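> Can you look at this prediction? I've put the sequence above it.
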Amino acid sequence: MSSMQERGDNTIAISGVLLDLGGVIYVGSTVLEGALPAVERLRNVGLPLRFITNTTRRSKRQVIADLRTMGLHVSSDELLTPALLARAYLEKHMLSPFLVVHPNLEEDFAGLPRGCAEAVVVGDAGEHFTYDRLNRAYRKVIDGAELVALAKNRNFKDADGELSLDAGPFVAALEFAANRQAMLFGKPSADFFHTAVDDLHCRANEVVMIGDDAEADVEGAITSGLNGILVRTGKYRPGDDSKLGHWTSYVAENLEEATLWILAHRKR
């Protein structure tokens with residue numbers, strides 16, 4: 001018997017799919033069992049896909065290269081990251097970034113104007129979160145710099161199989177200290193989801209988001225008008241299901257099982 005838990009309207013018709021990466025397709029550098037065939041099944045039936053991730057320790061170029069090494073070929077147009085949207089925002093408003101990010105991500109912000117009004121950009125800097133860096137960011141924010149968060153995830157499942165701090169706690173620390181709210185560009189930002197939906201040329205209520213984060217991935221998608229599937233892989237912990245406050249949500253053991261549900265609910 002399938003372990004998928006279903007809530008909501010059985011008349012849902014899916015015409016597009018958004019997939020998280022870490023915790024859904026891989027953990028660390030290990031591909032989750034059945035994940036690649038599941039993606040292939042979705043492609044084979046003609047469903048348009050976008051891979052949307054809050055991963056901010058690697059540039060878009062590096063993410064695509066890593067996926068290729070794992071056996072998943074994703075085009076640049078199919079991958080959406082918070083850094084892409086944040087960069088576009090900085091360019092539009094002529095803002096110079098002060099980066100509190102992992103060095104691997106810096107290339108995604110290369111070539112932006114300097115000497116303009118500043119914006120503090122916070123991603124998952126990992127071991128590069130230092131007191132000095134955060135304190136400099138804090139001082140810039142209280143002096144008027146915009147505060148930009150690439151993500152606010154609490155944690156992620158690290159390569160060693162344990163949970164590690166993500167960018168969210170550090171963003172929250174700056175927000176608290178500066179008494180300012182960060183502008184969010186990653187999940188669960190509705191703008192992030194809607195950008196991906198527009199790119200699919202689908203209606204939001206015909207798109208499903210698959211993720212291992214009940215709050216950022218699934219609840220965020222549903223609040224933005226999409227459907228959501230929570231998979232019990234990656235960072236999932238027993239009881240995460242109860243965090244889903246909406247009824248148009250689904251829980252599956254893994255991406256393979258989520259794919260079966262999508263195929264059964266595909267728009268004809």
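Sure thing, it's come through. Numbers count the residues shown, from 1 in each chain.

> what about residue 132, which helix or strand?
helix 131-142 (DSSP states H and E).

> go on, residue 156?
With DSSP H and E as the criterion, residue 156 is inside strand 155-157.

> in its sheet, what does that strand sit against?
strand 163-165 (antiparallel) (DSSP bridges).

> Touching the partner strand from outside, list them.
Residues outside strand 163-165 that contact it (Cβ atoms under 8 Å, 6 or more residues apart in numbering) are 154-158, 235. Every C-beta, even on glycine, is put in place using the N, C-alpha and C of the backbone.

> nearest to residue 37, of those residues?
Using Cβ to Cβ, residue 157 comes nearest to residue 37 of the contacts of strand 163-165, at 21.5 Å.

> Need phi/psi at residue 50.
Residue 50 adopts backbone torsions of phi -140, psi 140, taken as degrees, to the nearest 10.

> Just give me the neighbour total for it.
Here the number of neighbours of residue 50 (other Cβ atoms under 10 Å) works out to 21.

> isn't it right next to residue 199, touching?
Yes. Residue 50 is in contact with residue 199 according to Cβ atoms under 8 Å; the separation is 6.0 Å.

> where do the contact lists of the two overlap?
Listed contacts common to residue 50 and residue 199 are residue 80; contacts here mean Cβ under 8 Å, 6+ apart.

> three-state assignment of residue 51?
Here residue 51 is recorded as strand under DSSP: H, G, I helix; E, B strand; the rest coil.

> Distance of it relative to residue 122?
For residue 51, the distance to residue 122 equals 22 Å [Cβ to Cβ, to the nearest Å].

> ok, the two, which is more surrounded?
Applying other Cβ under 10 Å to residue 51 and residue 122 shows that residue 122 carries more neighbours, namely 29 against 23.

> Contacts only, for the more buried one.
By Cβ under 8 Å, 6+ apart, the residues touching residue 122 are 100-101, 137, 147-150, 167, 170-171, 174, 182.

> For the closest residue to residue 148 other than its chain neighbours, list each beta-bridge partner.
In this structure, residue 148 finds its nearest non-sequential neighbour in residue 121, 4.7 Å apart by Cβ to Cβ, 6 or more residues apart in numbering. Here residue 121 sits in beta bridges with residue 99, residue 148, going by DSSP bridges.

> thought residue 121 was touching residue 100?
Yes. At 6.7 Å, residue 121 counts as touching residue 100 under the criterion of Cβ under 8 Å.

> neighbour count winner among the two?
Each of residue 121 and residue 100 has its neighbours counted (other Cβ under 10 Å); residue 121 has more, 31 against 26.
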